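> What follows is a predicted structure for the sequence shown.
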Amino acid sequence: MDRTPLTSTWLTKHELRTPRVILDAFQDYWNAERVPRLERVVFRNDLTKQKALDLCLSTEGNVDIVTNVPPNQADRVQSSSFADLVRVKGNEIIAGVFNRFNIDVDFDSRQLRLAINLAVNRVKLVSEGFNGYADIVPALTPPWAFDFPEGLEAIPHLPEEARRLFPESAWPKGRPLVLATTTDYKKMTYLIADDLKKALNIEVNVFIIPDNQRIEWMTILAEKKLTPNWDILITSASALFLEGTPAFFHREFFGKDGALRASAIPPEFSRLYTRMTAQTEREQLLKAAEDIDRYVYNEVLALFLVSPESLYAVNKQVDFEPYRTTLEFAETSVTNQHWSRM
């Protein structure tokens with residue numbers, strides 16, 4: 001763990017879980033207003049995500065809440081007689097990492113990075129890649145965060161302008177562009193590839209990192225001992241709070257201990273980030289965080305994309321209040337018609 005405040009970087013390489021984790025409510029909690037309304041919560045690790053969703057949508061007494069419902073399953077949840085779809089703005093940002101360690105492509109060129117951003121149709125990404133369950137974000141700070149820079153607007157889809165800028169960026173003639181991603185973002189990456197092919201008139205190859213090799217590929221990026229063989233990695237970072245978000249998003253993509261950084265540390269980013277971490281007053285912290293997002297946006301340091309919504313399948317007799325940042329059950333309760341009360 002880094003000694004710098006607000007930072008820590010870990011890669012999960014092996015994780016053992018018991019089939020079930022059982023939490024009993026502590027009724028003597030000091031804050032009487034937030035004493036749990038549920039007597040017991042059971043986390044089931046003995047089910048695949050698909051099996052959990054099937055049980056939630058077709059039975060009582062097996063699974064009450066399923067997290068991270070894929071957007072393409074949302075309609076199925078909405079048509080269920082056992083469960084409702086609950087949605088909330090997400091705490092995850094999906095963006096493209098430019099591999100500035102590559103020596104045959106000049107991703108240090110702001111013009112090249114801007115051309116690629118202008119080529120992507122984010123409205124189509126939301127509608128076709130996420131069935132509408134995602135939000136476009138201008139840079140890395142989501143608009144619902146307390147430190148979102150007011151007035152920042154998403155880079156528009158301007159393929160003609162992208163096509164004009166691209167040749168001037170000295171892209172090697174005949175060289176294909178390589179997009180890489182994990183299976184989570186396969187569909188949207190192919191949509192991005194189609195946009196880049198049409199706008200920039202180049203060959204675009206897509207490499208999907210196999211699930212069983214994911215740790216190895218992400219370790220290469222985190223360690224920075226080897227140069228990855230992709231040009232742009234479509235990946236994500238998430239935040240636990242709605243302020244000071246550069247500690248989660250921007251640091252991960254550009255900071256000294258950023259596991260997703262594929263470049264030297266931008267000196268101006270380092271200066272702005274150090275200034276933010278030194279703030280002890282909330283208003284100054286928010287202002288410093290806004291300045292970081294504006295800098296990253298103005299320099300087009302990443303391929304800015306979207307923030308997916310968090311989708312839950314919830315038993316109709318469960319009153320679940322989702323948080324944007326973490327999974328909480330403080331306000332969650334069940335009705336008298338819930339299977340546990342029958």
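Thanks, I have it.

> quick one: buried residues of stretch 77-85?
Across stretch 77-85, burial judged by 16 or more other Cβ atoms under 10 Å covers 77, 80, 82-83, 85. (Each C-beta comes from the backbone N, C-alpha and C, glycine too.)

> Residue 292: which of those residues is nearest?
Among the buried residues of stretch 77-85, residue 85 lies closest to residue 292 (Cβ to Cβ), at 34.5 Å.

> helix, strand or coil for that closest one?
The three-state assignment at residue 85 reads strand, by DSSP: H, G, I helix; E, B strand; the rest coil.

> If it is in a bridge, with which residues?
When bridges are called by DSSP bridges, residue 85 pairs up with residue 313.

> roughly how far apart are it and residue 212?
Counting by Cβ to Cβ, to the nearest Å, the gap from residue 85 to residue 212 is 31 Å.

> Repeat that for residue 108.
Distance of residue 108 to residue 212, given as Cβ to Cβ: 34 Å.

> Compare these two and say which one has the larger neighbour count.
residue 108 (11 against 7; other Cβ atoms under 10 Å).

> Where does that one sit, in terms of helix or strand?
Under the criterion of DSSP states H and E, residue 108 resides outside all helices and strands.

> From residue 191, how far out is it?
If you measure residue 108 against residue 191 using Cβ to Cβ, the figure is 27 Å.

> Could the C-alpha coordinates of stretch 310-330 be exported in PDB?
Coordinates of the C-alpha atoms in stretch 310-330 are reproduced here as PDB (Å, rounded to 0.1, in the frame of the first residue of the first chain):
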ATOM      1  CA  SER A 310     -26.300  -0.200 -11.300                       C
ATOM      2  CA  LEU A 311     -29.200  -2.600 -11.900                       C
ATOM      3  CA  TYR A 312     -30.800  -4.800  -9.300                       C
ATOM      4  CA  ALA A 313     -33.500  -7.500  -9.400                       C
ATOM      5  CA  VAL A 314     -35.400  -7.200  -6.200                       C
ATOM      6  CA  ASN A 315     -38.200  -9.400  -4.700                       C
ATOM      7  CA  LYS A 316     -41.500  -7.500  -4.900                       C
ATOM      8  CA  GLN A 317     -41.900  -7.800  -1.100                       C
ATOM      9  CA  VAL A 318     -38.500  -6.200  -0.400                       C
ATOM     10  CA  ASP A 319     -38.200  -2.400   0.000                       C
ATOM     11  CA  PHE A 320     -34.600  -1.900  -1.200                       C
ATOM     12  CA  GLU A 321     -33.000   1.600  -1.200                       C
ATOM     13  CA  PRO A 322     -29.900   1.400  -3.300                       C
ATOM     14  CA  TYR A 323     -26.800   3.600  -2.700                       C
ATOM     15  CA  ARG A 324     -24.800   5.000  -5.600                       C
ATOM     16  CA  THR A 325     -21.400   4.100  -4.100                       C
ATOM     17  CA  THR A 326     -21.700   0.900  -2.000                       C
ATOM     18  CA  LEU A 327     -24.100  -2.000  -1.300                       C
ATOM     19  CA  GLU A 328     -26.000  -0.900   1.900                       C
ATOM     20  CA  PHE A 329     -29.000  -2.400   3.600                       C
ATOM     21  CA  ALA A 330     -29.500   0.200   6.400                       C
END
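
> what is the rounded mean pLDDT of that stretch?
For stretch 310-330, the per-residue pLDDT values average out at 91.

> next one: that stretch to chain centre, how far?
Averaging C-alpha positions (Cα atoms, centre = their mean, to the nearest Å) puts stretch 310-330 19 Å from its chain's average.

> now what about stretch 324-333, what contacts it?
Counting contacts by Cβ atoms under 8 Å, 6 or more residues apart in numbering, the residues outside stretch 324-333 that touch it are 34, 36-38, 41, 67, 88-91, 144, 239-242, 310, 318-321.

> Same question for stretch 110-119.
Stretch 110-119 has contacts (Cβ under 8 Å, 6+ apart) with 96, 98, 105-107, 155-159, 161-163, 165-166, 168-171, 195-196, 198-200, 232, 299-304.

> next one: stretch 173-188
Applying Cβ under 8 Å, 6+ apart, the contact partners of stretch 173-188 are 94, 96, 104-105, 125, 128-130, 189, 192-193, 196, 200, 202-211, 214, 217, 228-236, 305-306.

> Rounded mean pLDDT for the longest helix along the chain, please.
If each helix of the chain is counted by residues according to DSSP state H, the longest one is helix 282-298. Over the span of helix 282-298, the pLDDT mean works out to 97.

> With stretch 97-104 instead?
Summarised as a single mean, pLDDT over stretch 97-104 is 95.

> which SS state does residue 123 fall under?
helix.

> Oh, that last question was meant for residue 93, not what I typed.
If you use three-state DSSP, then residue 93 falls in the strand class.

> Quick check: beta-bridge partners of it?
According to DSSP bridges, beta-bridge pairing links residue 93 with residue 237.

> roughly how far apart are the closest residue to residue 239 other than its chain neighbours and residue 318?
With Cβ to Cβ, 6 or more residues apart in numbering as the measure, residue 248 is the residue that lies nearest to residue 239, at 3.7 Å, once sequence neighbours are left out. Distance of residue 248 to residue 318, computed by Cβ to Cβ: 29 Å.
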